[in-house]
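# Next comes the sequence, and after it the predicted model I'd like to discuss.
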Amino acid sequence: MFRLASSRLSSLHHTLTAPATTSIRATQRVLFYHATTMTEQRRAGVASPEELKAFVEKSGSNLIVVDVRNPDADVEPGDQKTLAFAGLPSESSRPQAQNLIYDRQSNTMPLPNTSDKSTPIITHCGGGGRGEKAKKFLMENGFTNVLNGGGPSDTDCWNEFGDK
């Protein structure tokens, strides 16, 4: 792991210090930087993009995405950043998703609308912290097939399930 991180840092340093002769090269540097930092900043418990892709494919139309973000800026001001570019589920957007707010005060949330505890579920918030708490809460309440997908700020993961 250290060798991989060291290799990435060396590559990033080389890319950033090399002369940018075209806008394509500059764009490549920016994309590489974002890909590297998003991977290294993924919160503990957030599934990898590969895990999420396989989970989504296997689950098909049975998948439920549980969005635990809170639209109330007084309660969760940090959610406003991700809500600006990835809205809450609605009838016209994200048909397999339910907004079930995770309450930090009580460490609880409503349960998904399903009687089958083996239903495949991906939890998410803005970046993965509350998504992990929601995953644990659901598992404590008998759900057996749950992954934490991070959230819209973890773009490589979000790309695997954000439209569901």
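Happy to help now that I have it.

# can you give me the mean pLDDT across stretch 71-81?
Averaging pLDDT along stretch 71-81 gives 93.

# Extract the CA atoms of that stretch and return them as CSV.
Extracted in CSV, the C-alpha atoms of stretch 71-81 (Å, rounded to 0.1, in the frame of the first residue of the first chain):
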residue,chain,number,x,y,z
PRO,A,71,-32.2,18.9,3.3
ASP,A,72,-32.5,21.1,6.4
ALA,A,73,-29.5,23.3,6.3
ASP,A,74,-30.0,24.2,10.0
VAL,A,75,-29.5,20.6,10.9
GLU,A,76,-26.9,19.4,8.3
PRO,A,77,-25.3,22.5,6.7
GLY,A,78,-22.7,20.3,5.0
ASP,A,79,-25.3,18.5,3.0
GLN,A,80,-26.1,21.6,1.0
LYS,A,81,-22.9,21.3,-1.0
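
# neighbouring contacts of it?
Residues from elsewhere that reach stretch 71-81 (Cβ atoms under 8 Å, 6 or more residues apart in numbering): Arg69, Asn70, Leu83, Leu88, Asn99, Cys125, Gly126, Ser153. The C-beta positions use only the backbone N, C-alpha and C, and glycine is treated the same way.

# So which residues of this structure form helices?
Assigned by DSSP state H, the chain shows helices spanning 2-17, 23-41, 49-59, 79-85, 129-140, 155-161.
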